[in-house]
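>>> Below are the sequence and a predicted model for it; my questions follow.
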Amino acid sequence: MLSTREIDMLRQIISLAGALIANAHPDAGRSVTTKGGKALTRSEVAPEAKRRRRTGKELAEFRKMLISERKRGVPVAELAERHGISAAYIYQL
């Protein structure tokens, strides 16, 4: 059985680890907790433009553009950031 002091030390370690994780990856979680304890969703923290689906014609043009940029040597990470999509999606296309 743990003593009261040991339990307090474990709680302190857990809170420090949570703070380190939150500072290392602020956007990694789906929700962010404020000081009041209310959890905010990602859209409330940083509202983004509404996602919309590409039509078949737009997708074909987008795919051609991605292929041409990759042939010119543009890194996938740069393309993903520029177009707001994941690198995995680029590789999938």
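Received it, and whenever you're ready, just let me know what you need.
>>> so what's L59 up against?
Contacts for L59 (Cβ atoms under 8 Å, 6 or more residues apart in numbering) come out as none. For glycine as for every other residue, the C-beta is placed from the backbone atoms N, C-alpha and C.
>>> ok so it is a helix residue?
Yes. Looking at L59 with DSSP: H, G, I helix; E, B strand; the rest coil, it is inside a helix.
>>> tell me the pLDDT at it?
Model confidence at L59, given as pLDDT, is 89.
>>> and if you look at P26?
59.
>>> now swap in R53 and tell me
80.
>>> And what about it, helix, strand or coil?
Per three-state DSSP, R53 ends up coil.
>>> With K64 instead?
Quick answer, by three-state DSSP: K64 is helix.
>>> State the distance from it to S3.
67 Å (Cβ to Cβ, to the nearest Å).
>>> A helix includes I85, no?
No. Secondary structure of I85 (three-state DSSP): coil, not part of a helix.
>>> Next, the buried residues of the helix ranked longest in the chain.
Secondary structure assigned by DSSP state H gives helix 4-24 as the longest helix of the chain. Residues of helix 4-24 classed as buried: none (neighbour count, 16 or more other Cβ atoms under 10 Å).
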